[in-house]
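Q: quick check, what structure comes out for this input:
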Amino acid sequence: MRRIDFLINKIRLNTNNLSTNRFNDIDIGIFLSDSQRSIQTVAINNNVRSDFFSAEYRFFAENGKDTYDLPEDIFSKSSINSVEARTGHQSNDYASWTNLANLTNVERAKGFGYILRDNKIILSPVPMNTTTEIRIIYVKSLPDVGPRYAQIESKTLVGSVLTIVANIVLNDKTLKLSDYFDHFSVVSKDGVFEQKKLSVNSFQIDTPTPGKVTIITDSPTGTVTVGSYVVGGLRTSSQSELPDVCEKLLCSITERFIQYIDSSKDANASTALSNEEGTVIIELFKNHTPDSPYPPISNGDYLNL
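A: The predicted model follows:
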């Protein structure tokens, strides 16, 4: 899918919002994220095992520790399809663990399993082997989307403080990222994340000539590359992870958000998908699953063997 800047230009043209006086690029980027979330919600509600939204998270258990964080991009804590474990690097076989939430203490003691609580996963029994690897298959929430705010021109790291100087690439060079977001992300030209959840500790648009910005943040663990782009938000990319075929749908839903936003009587219409849009989304994602729709028959009696 084309990057968000191009989609914003298309949406401006279709909604007769060529000026940034009413909606700036960041505003429309927020509308696009809302639209993307609506598409994903409908798709998941009708096919929770869609491989478009399936992700895998692995970690090694710590000796004596039973509580671990769930993946940061999990759609909801009820979005886990399976939890599996294996012990030792020599084995490729994972054993499935059971959700123990509805079992009695006696039943829980009979095998290995897990409980979900407050965005944490609790393993039972308590792991006592640091070679136990846990694998969680879950439904991920797509990253938000937004326009490229600025391109990094230089960076300076002093102690634990990173200073980024960047040229603003938005149409409105005086727009302050810190008026919209407490955090920002850094992405490559293809929208691949370099950094997420960087705090906007200090923010200054250079004067007297607007167009360049200085952002001070805590030193990230990882790379920030000169030439990469700043995007506003905790986990926000300049490209949507929806399949390319969704581009027209994403734009049309966003256009409806904009067209109805000033009309109180149509408030519900601005946040709800039309029946036609819902049908299109269901059809797009209904058959995409990692499971075979027709599992092979393995019952020897049935095969008359």
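
Q: and the next helix or strand past the helix or strand of the chain with the lowest mean pLDDT?
A: Of the helices and strands making up the chain, the lowest-confidence element is helix 267-271, at a mean of 51, by mean pLDDT, DSSP states H and E. On the C-terminal side of helix 267-271, the closest following helix or strand by DSSP states H and E is helix 275-285.

Q: would you map out the domains in this structure?
A: Recorded structural domains for the chain (assignment: automatic domain parsing) are 54-139, 148-237.

Q: for L7, find the nearest of those.
A: domain 148-237 (12.3 Å; C-beta to C-beta). For the C-beta atoms, the positions are set from N, CA and C on the backbone; glycine is no exception.

Q: neighbouring contacts of stretch 234-247?
A: Residues from elsewhere that reach stretch 234-247, judged by C-beta atoms under 8 Å, 6 or more residues apart in numbering: 1-5, 7, 32-33, 36, 39-40, 52, 72-73, 142-148, 181, 183-185, 187, 190-193, 196-197, 229, 231, 250, 284.

Q: sorry, back to before: got the domains of the chain as TSV, with mean pLDDT and distance to N45 columns?
A: Converted to TSV, those look like this (pLDDT from 0 to 100; distance: least, C-beta to C-beta, whole Å):
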stretch	mean pLDDT	distance to N45
domain 54-139	83	11
domain 148-237	93	22
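
Q: so which residues of the stretch 151-300 of the chain form strands?
A: Across the stretch 151-300 of the chain, reading from the start of the chain, the strands by DSSP state E, counting those that start in this stretch fall at 161-168, 183-187, 193-199, 202-205, 212-218, 229-232, 236-237.

Q: mean neighbour count added to those strands, as CSV?
A: What follows is the strands of the stretch 151-300 of the chain, written out as CSV (neighbours: other C-beta atoms under 10 Å):
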stretch, mean neighbour count
strand 161-168, 18
strand 183-187, 23
strand 193-199, 17
strand 202-205, 14
strand 212-218, 18
strand 229-232, 26
strand 236-237, 26
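
Q: nearest to E133, of the ones you listed?
A: When those are ranked by proximity to E133, the top entry is strand 193-199, at 24.4 Å, counting by C-beta to C-beta.

Q: secondary structure element holding S33?
A: Element membership of S33 [criterion: DSSP H and E] is helix 25-46.
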